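In: here are the coordinates; sequence isn't available:
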């Protein structure tokens, strides 16, 4: 079986930031985190923007996506030194025969676009680290979760306030994204902050490579976003993965997310997740996707420093606020169920498509 690459370690400290900052006094539970003597946590400051009218959420019928086709590769690098999805399977040491590579026996997974494009191995063994993640003991989990739930989001980036005050809207082709303040941009559910600065803006990179423009992406209705998500999700899950999904590795659980956002309990057979400040309502297949992406992610020990789970931040804001190293060219950061993770870009794209399609409006 293949191993899958997730990025390297991240450094975190909240003592300073290149963003304009203001001290926030965090409510209880912060003493154990090692905050400064005055008890302040420095977070980004920005002016609140006005939201737009709430959008409509619809459930879509499932549609099966097509898993990508891949051929065994012939590389000369040593096998097992990195992560690969579908494509160049088992770059073995030798003549590239299927006998040596065992490509036929390996599970392959396409990128989110279902085309079977290869993910190259970087040979740093991060998949082993991801697969070896351990769930927190109950007492430790309770302490960590209590700390996270009491951590405020930066001013103007708190999705609890957006959902309570203005609700969400869909960005439209007529909207000049470049001219929209970031505090208002987070109110558009089809333009995640992590994709808002891409070219074209808001469009998942895999779709952009296939020619999807901002105008086309922004013209879709909720049913179309659901269909796109289901196609990609089913192709991704149907191609196999090299981990056993473990719900205990998710930090915040469904009922805690509901309480955090003042939501009704999730209906039977569904659960809440939390992706970059946006609560999402998941069916079983959605939830499995979330579990797998989370388990494949690289998580760094941040020394007990809490993350603001309700904050919707761009990549640059995450890096500046939490003083993270720049990710590799094929990696991105996300906050998933209250935990800061580093992801391969194909997994990050899948996560953002889930955020768009399943946002609680």
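Out: Great, that's in hand. This is a predicted model, so every value here is computed, not measured.

In: phi and psi next, for residue 215.
Out: The phi/psi pair for residue 215 (degrees, to the nearest 10) reads phi -60, psi -40.

In: distance of the residue lying closest to it once chain neighbours are set aside from residue 225?
Out: Leaving aside its sequence neighbours, residue 215 sits nearest to residue 173 (Cβ to Cβ, 6 or more residues apart in numbering; 4.2 Å). C-beta: built from backbone N, CA, C; applies to glycine. The spacing between residue 173 and residue 225, counted by Cβ to Cβ, to the nearest Å, is 15 Å.

In: quick one: terminal-to-terminal distance for stretch 335-346?
Out: 16 Å (Cα to Cα, to the nearest Å).

In: now that stretch: average pLDDT?
Out: The average pLDDT within stretch 335-346 is 94.

In: ok, the residue nearest to residue 215 touching residue 220?
Out: No. Contact status for residue 173 versus residue 220: not in contact, 10.2 Å apart, counting by Cβ atoms under 8 Å.

In: higher neighbour count, residue 173 and residue 225?
Out: Neighbours were counted for residue 173 and for residue 225 using other Cβ atoms under 10 Å; residue 225 has more, 21 against 11.

In: quick one: pLDDT of that one?
Out: Residue 225 is given a pLDDT of 98.

In: any idea which element the residue nearest to residue 185 when sequence neighbours are not counted lies in?
Out: Spatial nearest neighbour of residue 185, chain neighbours left out: residue 196 (5.5 Å); criterion: Cβ to Cβ, 6+ apart. Secondary structure assignment for residue 196, by DSSP states H and E: no helix or strand.

In: ok so, going back, and the residue nearest to residue 215, how close does it get to residue 206?
Out: Per Cβ to Cβ, residue 173 is found 20 Å from residue 206.

In: what's the answer for residue 318, then?
Out: Taking Cβ to Cβ, one finds residue 318 at 21 Å from residue 206.

In: before we move on, what about residue 166?
Out: 30 Å.

In: for the two, work out which one has more neighbours and name it.
Out: For residue 166 versus residue 206, the count of surrounding residues by other Cβ under 10 Å is larger for residue 206: 21 against 17.

In: the more buried one: what secondary structure?
Out: What DSSP: H, G, I helix; E, B strand; the rest coil gives for residue 206 is helix.

In: need the pLDDT of residue 361.
Out: 72.

In: next: residue 40.
Out: pLDDT, residue 40: 31.

In: okay, now the residue nearest to residue 188 when sequence neighbours are not counted: neighbour count?
Out: Closest residue in space to residue 188, ignoring its immediate chain neighbours: residue 171 at 4.1 Å, by Cβ to Cβ, 6+ apart. When neighbours are counted by other Cβ under 10 Å, residue 171 registers 23.

In: quick check on residue 171: phi, psi?
Out: phi -60, psi 140.

In: cool, residue 342 as well?
Out: Per-residue torsions, residue 342: phi -120, psi 130 (degrees, to the nearest 10).

In: ditto for residue 282
Out: Dihedral angles (degrees, to the nearest 10) for residue 282: phi -120, psi 140.

In: that one contacts residue 269, doesn't it?
Out: No. The criterion here is Cβ under 8 Å, and residue 282 misses it with residue 269 at 9.8 Å.

In: and those two? Which one has more around it.
Out: Higher neighbour count among residue 282 and residue 269: residue 282, with 20 against 9, using other Cβ under 10 Å.

In: look up how far residue 221 lies from the more buried one.
Out: Distance of residue 282 to residue 221, given as Cβ to Cβ: 21 Å.

In: any chance you could map the strands in this protein?
Out: Ranges of strands within the chain are 21-25, 40-44, 271-275, 278-282, 331-336, 339-344, based on DSSP state E.

In: relative to strand 271-275, how tilted is the last one?
Out: Meaning strand 339-344. Using axes from the mean of the first three to the mean of the last three Cα atoms, to 10 degrees, the inter-axis angle of strand 339-344 relative to strand 271-275 is 70 degrees.

In: name the helices or strands packed onto strand 339-344?
Out: Secondary-structure packing of strand 339-344 (3 or more Cβ pairs under 8 Å, 6 or more residues apart in numbering; DSSP states H and E): helix 284-296, strand 331-336.

In: run through the protein and note the low-pLDDT ranges.
Out: For the chain, applying pLDDT under 70 flags the ranges 1-132, 300-305.

In: looking at the helices and strands packed on strand 339-344, which is closest to residue 325?
Out: Closest approach to residue 325 among the helices and strands packed on strand 339-344 (Cβ to Cβ): strand 331-336, 9.9 Å.

In: in terms of secondary structure, what does the closest one contact?
Out: Partner elements for strand 331-336 (3+ Cβ pairs under 8 Å, 6+ apart): strand 271-275, helix 284-296, helix 315-322, strand 339-344, helix 345-357.
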